[in-house]
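Novice: Generate coordinates for the sequence data below:
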Amino acid sequence: MSWPPGENASQPASAAIARSLFVLILAYAAWYIVLALGFSLTRIINSVLDDSFYYLQVARHVAAGHGSTFDGIEPTNGYHPLWMWMLVPVCAATHGDLEWSLRIALLVTGGLGVALLLQLRSVLVREAGPWSAAFGLALFAWPRFFWQTADLLESSLLLFLQFVLFSKLCADGERGGRSGLLVTGLLLGLICLTRLDSVFLVLAWAGYAAWEAVNRPANSGRLPSRDLISIGTTLIVVLAMVSPYLLWNLARFGHVVPIAGAMKSSFPHVSPHWAWLWTFPDFDLLLLVGAGFAVSALRPSASRMVRTLGVFGLTAVFQMAYLVLFVDWGVDRWYFTPLIPVALVGLPWLTRGLVTALARRPRLAWAALALAMLAGGAAQARALRVRDTRCLSATAELARWAGAHLPRGSVVAATDSGVFAWFSGLTTVNLDGLINNWRYRDALRSGRLHSYLRERGVGYFLDQYSARHPDWLAGTYVSRRVKIWYHPEHRIAGLIEVRRADEVRRINVVASLAQGQPPEPNAIILWSYHGGVDLVPTERLE
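Specialist: Numbers count the residues shown, from 1 in each chain. A predicted model of the protein is given here:
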């Protein structure tokens, strides 16, 4: 099929832009290789996330035969399973080498990113033409999109699978025969195992499949048994794929959901957190676009493209509603991955008429594409500079010191404990609870934080946030209190009091503590821990 209709696809300009699509994809592949193999370890550490090391640390223990554990002692299920299991052979192949595990894992995510781009190219060339595909590929350079395939979280695998599903739904629709239904179910199951809240994608797909069936003229507003069986078959495949993991959770931990979800969510108790509606303004704009597609997809005459964009748009609406109603902590850009297909496919598809008109003036079109590529390169350079200001590499430096100088068998407690656990090799108790266990969750709920830490033999406490406290930064304080929160109930679960005299090691840095914030003085401090008094859970978050 040529684009636009009637135009000879073998024309020189069409052939040139078709070749340029692969050049763009090769440029991204080269950039992934540079990120994985060309940068220093310090820069790599700062370019990923502390949560990335939660996956790596568990994968390292699984590869070593210790089971599903973060600290090497307590079992945990605080991760999305499929991505963690993909990292197990990486850690096994490197024999636990800290640096090469990171580098090879980055190559894996880069490969997934390139595969994603090939799917994106295929969909856009088929649905909007090669010029629109070129601008869609250039748009991928926006850091909110690209870096979700390079931060070592599950989002790289999730986005790849989402684009495979997107391509299938666009090409085949929801009715692709028995084999098509099985493939759709397989993809939806893999997506759910990659990120469990992708159940919203399953619901959106099933809802639109039923809506389309009901609104076919021949069905007169009824859902025929044939369509009901087709949708049910796909859902059964999804359930068959996800059930073993859920049953393992239930048998091993007594709960179906992983501990990370329980520590973030108040579900089923509504606890509104309206700030998520304006925390990510760029994704908010895309959410409006996605919601527009979700409404347009309700038209009986909606095309497969609109219907597919509607599925992902409705998924994002469901996701945002859940975050606003039940989650008040730990939300970041990877929660909004369904909006990335909406952006990378939906925006070029919506503007395909403008792009086609632009393509009739080749010099102007090539200049616009070159400008888009330059803008993407500039955005990548800026994103890398921002990541260079993080303090994760300083935490890694302190972790290596602790691993070399603290007594063998030392146990350290910390929030945001991924980098420290990975580079220290010490037993590290995760205080925010995301990669801990249900016993720790129960201790927080009952105010028994210090009892739990004493049971675990904790001898040291690490805190990475001393910014905006001059006495902490200068080391002139006598003592300070660190609050440990139990977020689902909006309250302080424990207080850890530390003294200047108990400092074991500190690293003073100038770093950015949150995305978008300028660098500022900070200190990463390790103290000896001497216990404390358990807290009655009455102090509330203001």
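Novice: quick one: the residue sitting nearest the centre point of the chain and Glu489, what's the gap?
Specialist: Nearest to the mean C-alpha position of the chain, by C-alpha atoms, centre = their mean, lies Trp334 at 3.5 Å. From Trp334 across to Glu489, the span is 25 Å (C-beta to C-beta, to the nearest Å). All C-beta spots, glycine's among them, are computed from the backbone N, C-alpha and C.
Novice: Please apply the same query to Trp131.
Specialist: On the measure of C-beta to C-beta, Trp131 and Glu489 end up 53 Å apart.
Novice: So between the two, which is more surrounded?
Specialist: Comparing Trp131 with Glu489 by other C-beta atoms under 10 Å, the one with more neighbours is Trp131, at 28 against 15.
Novice: Show me what whichever strand or helix holds that one is packed up against.
Specialist: Taking DSSP states H and E as the definition, Trp131 sits inside helix 130-139. Applying 3 or more C-beta pairs under 8 Å, 6 or more residues apart in numbering; DSSP states H and E, one finds that helix 130-139 contacts helix 12-33, helix 98-127, helix 347-350, helix 352-359, helix 362-388.
Novice: Following the chain past the last one, name the next helix or strand.
Specialist: So that's helix 362-388. helix 392-405.
Novice: Could you list every helix and strand that that next one packs against?
Specialist: Under the contact criterion of 3+ C-beta pairs under 8 Å, 6+ apart, helix 392-405 touches helix 41-47, helix 418-424, strand 503-511, strand 520-528.
Novice: I'd like these as JSON lines, with distance to Asn436 and mean neighbour count appended.
Specialist: Shown next, in JSON lines, are the helices and strands packed on helix 392-405 (distance: least, C-beta to C-beta, whole Å; neighbours: other C-beta atoms under 10 Å):
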{"stretch": "helix 41-47", "distance to Asn436": "23", "mean neighbour count": "20"}
{"stretch": "helix 418-424", "distance to Asn436": "12", "mean neighbour count": "26"}
{"stretch": "strand 503-511", "distance to Asn436": "23", "mean neighbour count": "17"}
{"stretch": "strand 520-528", "distance to Asn436": "20", "mean neighbour count": "21"}
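Novice: nearest to Met305, of these?
Specialist: Among the helices and strands packed on helix 392-405, the nearest to Met305 by C-beta to C-beta is helix 41-47 (34.7 Å).
Novice: Which residues does whatever helix or strand comes next after the closest one contact?
Specialist: Sequence-wise, the next helix or strand downstream of helix 41-47 (DSSP H and E) is helix 50-63. Contacts to helix 50-63, defined as C-beta atoms under 8 Å, 6 or more residues apart in numbering, come from residues 67-70, 72, 76, 78-79, 83-85, 87-92, 96, 101-102, 105, 151-154, 392, 395, 416-419, 421-422, 430, 434-435.
Novice: got the contact list for the next helix or strand after helix 50-63?
Specialist: Using DSSP H and E, the helix or strand that follows helix 50-63 in sequence is helix 81-93. Applying C-beta under 8 Å, 6+ apart, the external contacts of helix 81-93 come out as 55-56, 58-60, 62-64, 101, 104-105, 108, 153-154, 156-158, 190, 193-194, 245.
Novice: one more time with 6 Å
Specialist: The list of residues contacting helix 81-93 from outside it, by C-beta atoms under 6 Å, 6 or more residues apart in numbering, reads 55, 58-60, 62-63, 101, 104-105, 154, 157, 193-194, 245.
Novice: Kindly state the domain boundaries assigned to this structure.
Specialist: 12-38+77-388, 392-528 (automatic domain parsing).
Novice: Mind putting these into a markdown table with mean pLDDT and distance to Ile45?
Specialist: Below are those laid out as a markdown table (pLDDT from 0 to 100; distance: least, C-beta to C-beta, whole Å):
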| stretch | mean pLDDT | distance to Ile45 |
| --- | --- | --- |
| domain 12-38+77-388 | 92 | 8 |
| domain 392-528 | 94 | 5 |
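Novice: Let's have those domains in a markdown table, adding distance to Leu535.
Specialist: Output for the domains of the chain, formatted as a markdown table (distance: least, C-beta to C-beta, whole Å):
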| stretch | distance to Leu535 |
| --- | --- |
| domain 12-38+77-388 | 18 |
| domain 392-528 | 5 |
